[in-house]
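**Student:** Structure for the following, please:
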Amino acid sequence: MLKSLSGLLSRKLGKNPSGSDEYEEEIISMVNEGHEQGVIQESQAQMIQNIFDLTDKEAQDVMTHRRNITAIEGTMNLKDALAFMLDDTHSRFPVYLDNLDNIIGILFLKDAMRWHTRNPDYDNWQIKDIPSLLRKAVFIPETRDLSPLFKSMQTQKLQMVIVSDEYGQTAGLVAMEDILEEIVGNIQDEYDNDEPVIEKAGDDFLISGFAPLDEVSEALQLSLDDVEFETLNGFLISKLGRIPSDDDRSEIITDGYSFRILSVANKTIERVRAHRLPEEKKEEDEETK
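**Tutor:** Below you'll find the model as predicted:
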C-alpha cells in the first residue's frame, strides 16, 4: 500500500493527471484504509491531505510580502554586504537597484563569504559589479499554483523565487521552506529554541550564536565596542574566516577567550562554549594578532 501511495503522491506533486477527482478519491481512500489499519499515522495522513491542499493555493497565499523582505542594495560593497548578512537570520537575499521593483539577482551568504576569503581585493567593489557573484533571480506571477511551483523549484534546484504582481512590481517572495511548511507544518529552525542566550556552566559560558554582541561583552567582561557585528555568530565567523559546515567544531581564540563551536546549522553557529584563557595564553593571543 505504501509503495502504491508513494507513486501516486509523486505524480500528484508533479503534473495533475486527467480525471483528477477520481484520482484524488483513490488516494484519500487508500489513506483512510491505511490509517484504519495502523499503517499510516495520523500525522502522515494530515501531510497527505496538505499535499492535496497545495492544488488550491497560489504563490500569493504563502509568499513573504514585500514589506517583510530583507534585501540588499546592489551598490553596497562586498565587505559591508557580508557584515549585514552575517548579522541577519537569512542566508539568501534579493539584490536590487533603487527599489524592490528592480531586483537584479540573489546573493547567497556562502557565495559572499567565498569571494571575501578567496578574493579580498573585491571587498570594496559594489556587489552588482562583481562577476558571477549574484545568482539569477527567477520571477513568477502571484497566481502561480503551488503544486507545479514546488515541482519546478525542485527540478531547477531553486531555494527562492520572486513574486510579481499584475503590474510587474515585486509583490513578495516564496522560499522552498514556505511550501514545505504547507505540507509538513511549521519547520523548527535554529532560531526557534528556548535555550538561554547566555548560560553559566562552571567556569565557562554556553552562548547562543544569536546572542547580541553587547550582551556577550557584558557577560564576559570584554570590550568589543568597535566591532561592526551585532551577534556572536557574525563576530565568530569573521574570526573564523569561512562559513562553518554543520560538523565544524573549531576553536576560535580571540580577546582572551577560547570559543569552542558546539553546534552549527544551515551554515550558522548555533552554540559555543566560551572559556577564559589563563594570562599566559592571553599574552600569546595578543602576540599573534
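**Student:** Just give me how far stretch 99-111 sits from the chain centre.
**Tutor:** Put simply, stretch 99-111 sits 15 Å off its chain's centre (Cα atoms, centre = their mean, to the nearest Å).
**Student:** Could you list the buried residues of it?
**Tutor:** 100, 103, 105-109, 111 (16 or more other Cβ atoms under 10 Å). The way it works is simple: take the backbone N, C-alpha and C, and place the C-beta from them, glycine included.
**Student:** and of these, the nearest to residue 235?
**Tutor:** residue 109 (15.2 Å; Cβ to Cβ).
**Student:** List the contacts of the closest one.
**Tutor:** Going by Cβ atoms under 8 Å, 6 or more residues apart in numbering, residue 109 touches 82, 85-86, 90-93, 243, 267.
**Student:** thinking again about what came up before, which of the buried residues of stretch 99-111 lies closest to residue 250?
**Tutor:** Nearest to residue 250 among those, counting by Cβ to Cβ, is residue 109 at 17.8 Å.
**Student:** Cross the contacts of residue 109 against helices and list the overlap.
**Tutor:** Among those, the members found in helices (DSSP state H) are 82, 85-86.
**Student:** Sketch out the strands for the stretch 1-150 of the chain, chain order is fine.
**Tutor:** Listed in chain order, the strands found in the stretch 1-150 of the chain under DSSP state E, counting those that start in this stretch are 64-65, 72-73, 92-97, 99-108, 139-141.
**Student:** Contacts made by the helix or strand containing residue 239 with the rest, please.
**Tutor:** According to DSSP states H and E, residue 239 maps onto helix 232-240. Here helix 232-240 makes contact (Cβ under 8 Å, 6+ apart) with 83, 86-87, 113, 207-211, 213, 216, 224, 227, 229, 243-244, 250, 252, 254, 259, 261, 268-269, 272.
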